[in-house]
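Q: Here's my sequence, what's the structure:
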Amino acid sequence: MAVLILKATERCNSNCYYCDVVRKGTGESMPLELLETVFRRIGEYLDGDAQRTMEVVWHGGEPLLLGPDYFRAAAEFQRRHCVGATERIRHAIQTNLTCFQESFVEPLRQLGITAVGTSYDPEPHVRGPGAERDTDEYNRRFMESLGLLERHGIGWGVIYVVTQRS
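A: From the prediction side, this is the model:
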């Protein structure tokens, strides 16, 4: 299976101690025209061999900052440009979950996403918005999002990034 890690945005709403995206990121996001080209190329790749499969990993920055309409557009581009190959495309997403809302459920399901990957750190001031990394705000939003995922039957998995600080 070919894997495409799609970093469609460098923007992030968190300031994790171990990550340099916020410090070096431009804050830019992939325009929809380029995203459509990506799906056109995926379709061409998969058309070349009926045995080929593709995993698209949505990464960032924080991919949910793109908004639900961006993921709806991705699903439409896939339908349009990957005709006969959509069953050979699997999507995954890595998110900090703090932007997850009800409005994301349907677009993520359109892409076939049934579980999300996230990371978590219980140590104070390792993750969170702002220069001081507001742990309380981060944890509140993270836990609310976990509840929302579970209410909608969407699975989740956590990675833990071990650093000197944590």
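Q: Can you list the low-confidence ranges for the protein?
A: For the chain, the stretches with pLDDT under 70 are 21-26.
Q: quick one: residue 115 from residue 79, how far?
A: For residue 115, the distance to residue 79 equals 22 Å [C-beta to C-beta, to the nearest Å]. The C-beta positions use only the backbone N, C-alpha and C, and glycine is treated the same way.
Q: Same question for residue 124.
A: Taking C-beta to C-beta, one finds residue 124 at 45 Å from residue 79.
Q: just the strands in the protein please.
A: 2-7, 54-59, 89-93, 115-119, 155-159 (DSSP state E).
Q: elements contacting the last one?
A: Secondary structure elements in contact with strand 155-159, counted by 3 or more C-beta pairs under 8 Å, 6 or more residues apart in numbering; DSSP states H and E, are strand 115-119, helix 135-151.
Q: now the angle between helix 135-151 and the first one, please.
A: Okay, so that is strand 115-119. 160 degrees (axes from the mean of the first three to the mean of the last three C-alpha atoms, to 10 degrees).
Q: Of all the residues in strand 115-119, which ones are buried?
A: Of the residues in strand 115-119, 116-119 count as buried by neighbour count, 16 or more other C-beta atoms under 10 Å.
Q: Redo those as a markdown table? Include distance to residue 158.
A: A markdown table is the format used below for these (distance: C-beta to C-beta, whole Å):
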| residue | distance to residue 158 |
| --- | --- |
| 116 | 10 |
| 117 | 8 |
| 118 | 6 |
| 119 | 6 |
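Q: Need the contact partners of stretch 10-24.
A: Stretch 10-24 has contacts (C-beta atoms under 8 Å, 6 or more residues apart in numbering) with 25-29, 60-62, 65, 96, 98-99, 121, 125-131, 133, 138, 161, 163, 165-166.
Q: try stretch 56-65
A: 3-14, 21, 25, 29, 42, 89-100, 104.
Q: Drop anything exposed from those residues.
A: 6, 8-14, 21, 25, 29, 42, 89-100, 104.
Q: among the helices and strands packed on strand 155-159, which is the most enclosed?
A: Mean neighbour counts were compared across the helices and strands packed on strand 155-159 using mean count of other C-beta atoms under 10 Å; the top stretch is strand 115-119, at a mean of 18.
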